[in-house]
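[1] Sharing a model prediction with you, sequence too.
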Amino acid sequence: MRECRVGRRAAPCEEERGAPPARLALPCGSRVDAPAPSSMNYRHAFHAGNFADVLKHVVLARVLAHLCDKPTPFRVIDTHAGAALYDLAGPEASRTGEWRDGIGRLLGATIPPDIAALLAPYLDVVAPLCSGGAPRYPGSPLLALRLMRPQDRLTACELVPAAAAALAHVLGRDARAKAVAIDGWLALKAYVPPKERRGLVLVDPPFERSDEFSHLAHGIVNAVRKWPTGVYVIWYPVKERRGPDAFVDALAAAGIAKLLRVEIDVGGDDEVLRACGLVLINPPWRVADEFAVLLDWLVPVLARGGGAKSRLDQIAVR
Ligand SMILES: C[S@@+](CC[C@H](N)C(=O)[O-])C[C@H]1O[C@@H](n2cnc3c(N)ncnc32)[C@H](O)[C@@H]1O
């Protein structure tokens, strides 16, 4: 089941522009500080290739496919890039087995031709890595790099030293890519706008801190002010509605006009993450229609239990 709607939100008057709505306390004017790497526990290797990665990476691949429609170069800025390549037979992925209900389901499914065409950029990269005796799953920076052309550039940021080292190793000597061991929130300030003035910012933080939605809104609003025409793709977990909804409200209240929200809930057990979403700012114009088709197919394929559903909102600011 898919909920699909066009939301309407009041545009802010000029003096309100950038002011956070009352429901979301933004640290206005303050720096967005990162916790010290030693206090960060999140390791993506446990979750690589799960349903959340599938949704995020399918969306990322569709956006990149559209960016490739024009010959002019673009830049991808991945603020929380991770290790770039994950061993699905390794101890972390084996312990959770999450990938089996994510990319594992897709690879075992019969895919109709219209869906196969939309999934091709994603699966052309992922399927060869996942199959064989040593299955691996690509993270966002490797997926992006494989979908980019010679004229495009990638800046991939990761703060945790082990993941940053792995990232640098995987991106290797590809002259199109730069791995930077830096706080992703600082990267958002430092690297936006890119000199190409065309491209995509992926923001995929670990959501370890209770105020992550506030930090997201603050960082994104500032970045969009500096680079209003960039495409932004922001991932978030859905554990309750208040945080994600306040996040979208904060973006709309800051005058960000072209917003698309895509969510999937795979149903089943509330004890583990069952729903997540992405907000796209300035999405390529055809992706909303594409996501509608993809979601209708993905939901039953990824469903873990009762209540599986998706949601697609185009949020237009009046
Ligand atoms: C959800 S994972 C990223 C997954 C990756 N984007 C992908 O799709 O394959 C989040 C990553 O952010 C890293 N991280 C945590 N805090 C960070 C920060 N302040 N700046 C940059 N990276 C950070 C974590 O170590 C982790 O690798």
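    Noted; the coordinates are in hand. Numbering: from 1, shown residues only.
[2] mean confidence score for stretch 168-177?
    Stretch 168-177 carries an average pLDDT of 96.
[3] Over to that stretch now: how far is its first residue from its last?
    9 Å (C-alpha to C-alpha, to the nearest Å).
[4] And the contacts of that stretch?
    Contact with stretch 168-177 is made by 83-85, 141-142, 145, 148, 150, 152-156, 178-179, 181, as judged by C-beta atoms under 8 Å, 6 or more residues apart in numbering. In this view, the C-beta of every residue, glycine as well, is placed from N, C-alpha and C.
[5] same thing but at 7 Å, please
    Contacts with stretch 168-177, where a contact means C-beta atoms under 7 Å, 6 or more residues apart in numbering, come from 84, 85, 141, 142, 145, 148, 152, 153, 154, 156, 179.
[6] do the same with stretch 288-302
    Defining contact as C-beta under 7 Å, 6+ apart, one finds that stretch 288-302 is touched by 2, 4, 51, 54, 58, 62, 101, 105-106, 109, 114-115, 118, 260, 262, 264, 266, 308-310, 312, 314.
[7] before we move on, back to that, which ones among the contacts of stretch 168-177 map onto helices?
    Judged by DSSP state H, helices contain the following of the contacts of stretch 168-177: 141, 142, 145.
[8] I'd like to know which of those residues are buried.
    Buried subset of these (neighbour count, 16 or more other C-beta atoms under 10 Å): 141, 142, 145.
[9] any idea how far residue 298 lies from residue 140?
    As for residue 298, its distance to residue 140 is 18 Å (criterion: C-beta to C-beta, to the nearest Å).
[10] Also residue 57?
    As defined by C-beta to C-beta, residue 57 lies at a distance of 7 Å from residue 140.
[11] sorry, back to before: which one of the ones in helices among the contacts of stretch 168-177 sits closest to residue 246?
    Ranked by distance to residue 246 (C-beta to C-beta), these are led by residue 141 at 29.0 Å.
[12] got the contact list for the closest residue to that closest one other than its chain neighbours?
    Spatial nearest neighbour of residue 141, excluding adjacent residues (C-beta to C-beta, 6 or more residues apart in numbering): residue 156 at 3.9 Å. Contact analysis of residue 156 by C-beta under 7 Å, 6+ apart lists 78, 81, 141, 167, 171, 177, 179, 180.
[13] Kindly recompute the last result at 8 Å.
    For residue 156, the contacting residues are 78, 81, 84, 141, 167, 171, 177, 178, 179, 180, by C-beta under 8 Å, 6+ apart.
[14] Now restrict the residues you listed to buried residues only.
    In these, burial by neighbour count holds for 78, 81, 84, 141, 167, 171, 177, 179, 180, counting by 16+ other C-beta under 10 Å.
[15] where does the stretch 201-318 of the chain dip in pLDDT?
    For the stretch 201-318 of the chain, the stretches flagged by pLDDT under 70 are 316-318.
[16] Now do the contacts for the closest residue to the ligand within it.
    Across the stretch 201-318 of the chain, no residue is closer to the ligand than residue 204, which sits at 3.7 Å (C-beta to the nearest ligand atom). Residue 204 makes contact with 56, 78, 79, 80, 82, 140, 234, 235, according to C-beta under 8 Å, 6+ apart.
[17] Of the contacts of stretch 288-302, which count as buried by neighbour count?
    Neighbour counting by 16+ other C-beta under 10 Å classes 51, 54, 58, 62, 101, 105-106, 115, 118, 260, 262, 264, 266, 308-310, 312 among the contacts of stretch 288-302 as buried.
[18] Strands - which of the residues you listed land there?
    Among these, the residues falling in strands (DSSP state E) are 260, 262, 264, 309, 310, 312.
[19] Hmm, the third one is touching residue 277, no?
    Yes. Distance between residue 264 and residue 277: 7.3 Å, which falls inside the contact criterion (C-beta atoms under 8 Å).
[20] For whatever residue of the stretch 101-250 of the chain ends up closest to the ligand, report the pLDDT, please.
    Using C-beta to the nearest ligand atom, the closest approach of the stretch 101-250 of the chain to the ligand is made by residue 139 at 2.8 Å. On the pLDDT scale, residue 139 is placed at 98.
[21] Next, the contact list for it, please.
    44, 48, 81, 82, 83, 84, 85, 86.
[22] Just the ones of the residues you listed in strands?
    Those of the contacts of residue 139 mapping onto strands are 85, 86, per DSSP E.
[23] Quick check: of the contacts of residue 139, which has the highest neighbour count?
    residue 81 (32 neighbours; other C-beta atoms under 10 Å).
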